[in-house]
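> Model the structure of this input:
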Amino acid sequence: MSMSARSATRLLLQGIAGPLQLAESDWEYVLRLARMSGLHGRLAAANKDNPALPAPIRRHLLSAERMCAFNQQMLKGELSSLAELCDGQFPVVLLKGSAYFLQGHAFTRGRFVSDVDLLVPREHLRSMEQRLRSAGWKPAELDPYDERYYRDWSHETPPMRFPGHFLEVDLHHAITPVTTRLRFDPAPLFETSQALPGTPFRALSLEDQVLHACLHCFQDGDLSLRLREVADIDGLLQSAAGLHGFAECLADRAARLGLQRPLWYGLHFAHAWMGTLQAQEVLARLEAPPAVCRAAMERLVPLAMLPSDPDFPPSAGVHLARLAMLTRYHLQRMPLRMLLPHLARKAGLRMRSRFAGHAPAQNA
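Alright, predicted model coming up:
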């Protein structure tokens, strides 16, 4: 009997923590799920010296290892060029993958990055954006409405790319949109940020990195195939192992910033799926969400986030779960008085674009 996607996912999560011993056919299935989840590099790093690897699987993992090495080399080059734009007049904080990489967290072995996230105080946002533009970075071309969406309602500027470069830059002034119910003054993030030796950059404190990872995972999208972000939460908590008083500090920080709910979900699923021991101590200090919310998330999150069978299209249940999580995301991102006109306008633009795409054929 073939392995189920759920069983293979459990093996995948074990495989990014240490060597696996599997039959070649099982390895093939696990590797496919790893690619779907963006965890193939971490699977390769954890099994680099695994003597039980079948030869074809070893070649696939070697390819993933080399792809990740190239990715991280591109990241180093990008950070080096961005460092020249930082003159110390205001703090420039690296977020997520680029910060993890420079800090040397163990879980960055094999971790791919797709962008460089920068956080600067809002009063210096335009200054940093102008520096990037002057250095050759170009923002995405947007219509006036989307431009206004980024400028007035979001927590970041439009993404920027340097022609021919591998990674994009996302420039933030906060880690929550200004319209969300979870918005807070980001000043405490800068106050507790830490210098990254040998660079002009800073990184969030470890407590804030955990909170940001949980916030990004459970509040910023439909959760589709975001298993890698739960793996990041697990990795950050493992980095905190042995730090005296970390659990108490993390719970207190979440309470101060109003981020208890996303923290609870991040810790809960990290513990449930990856056995993250450090999560239990923090969870004991947090108030759990209402029972109806927990039940809904327990049902929907695995369907939306975990990879399904790669040989078949996602089931109706998966589509419904992702739609429910996308709806949840929108409801948390904006109040209804702003959300309904926003969604109506975006739907109208999609319809117009679709009909415009068929127009040439009709005229021909």
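> So which residues of the stretch 1-150 of the chain form strands?
With strands called from DSSP state E, counting those that start in this stretch, the stretch 1-150 of the chain shows them at 93-95, 115-119, 138-139.
> Go through those strands and name the closest to residue 268.
When the strands of the stretch 1-150 of the chain are ranked by distance to residue 268, counting by CB to CB, first place goes to strand 93-95 at 23.0 Å. Backbone N, C-alpha and C define where each C-beta goes, glycine included.
> quick one: low-confidence ranges for the stretch 1-150 of the chain?
Applying pLDDT under 70 to the stretch 1-150 of the chain flags the ranges 1-2.
> how does this structure divide up, domain by domain?
If you go by automatic domain parsing, the domain ranges for the chain are 1-83, 86-204, 205-353.
> Let's have the strands of the stretch 1-150 of the chain in CSV, adding distance to residue 248.
Shown next, in CSV, are the strands of the stretch 1-150 of the chain (distance: least, CB to CB, whole Å):
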stretch, distance to residue 248
strand 93-95, 24
strand 115-119, 25
strand 138-139, 42
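> Take the domains of the chain and write them to TSV, including mean neighbour count.
Output for the domains of the chain, formatted as TSV (neighbours: other CB atoms under 10 Å):
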stretch	mean neighbour count
domain 1-83	18
domain 86-204	17
domain 205-353	18
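> sorry, back to before: looking at the strands of the stretch 1-150 of the chain, spot the one closest to residue 269.
strand 93-95 (21.0 Å).
> Within the sheet, what are the partner strands of the closest one, with directions?
Strand 93-95 has the following strand partners under DSSP bridges: strand 115-119 (antiparallel), strand 202-203 (parallel).
> so which of the ones you listed gets nearest residue 129?
Closest among the strands paired with strand 93-95, using CB to CB: strand 115-119, at 10.0 Å.
> what separates the closest one from the chain centre, distance-wise?
12 Å (CA atoms, centre = their mean, to the nearest Å).
> Export only the CA atoms of that strand, formatted as CSV.
The C-alpha trace of strand 115-119 is given here as CSV (Å, rounded to 0.1, in the frame of the first residue of the first chain):
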residue,chain,number,x,y,z
ASP,A,115,13.9,38.2,-1.0
VAL,A,116,15.6,40.5,1.5
ASP,A,117,13.3,42.1,4.0
LEU,A,118,14.4,45.4,5.5
LEU,A,119,12.7,47.2,8.3
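> Can you tell me what sits against that strand?
75, 78-79, 82, 92-98, 128, 159, 167-175, 186, 189, 204 (CB atoms under 8 Å, 6 or more residues apart in numbering).
> just to revisit the earlier point, for the strands paired with strand 93-95, could you give me a markdown table that also reports distance to residue 211?
Output for those, formatted as a markdown table (distance: least, CB to CB, whole Å):
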| stretch | distance to residue 211 |
| --- | --- |
| strand 115-119 | 13 |
| strand 202-203 | 13 |
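> Would you tell me which of these gets closest to residue 284?
Closest among those, using CB to CB: strand 202-203, at 27.4 Å.
> so after the closest one, what's the next helix or strand?
Next along the chain after strand 202-203, taking DSSP states H and E as the criterion, comes helix 206-219.
> and the gap between the residue nearest the centre of the chain and residue 97?
Residue closest to the average C-alpha location in the chain (CA atoms, centre = their mean): residue 229, at 5.2 Å. Distance of residue 229 to residue 97, given as CB to CB, to the nearest Å: 11 Å.
> now the helices for the stretch 201-350 of the chain?
206-219, 227-239, 246-257, 260-274, 277-283, 291-305, 316-333, 336-363 (DSSP state H, counting those that start in this stretch).
> worst average pLDDT in the ones you listed?
Of all the helices of the stretch 201-350 of the chain, mean pLDDT reaches its minimum on helix 336-363 (a mean of 68).
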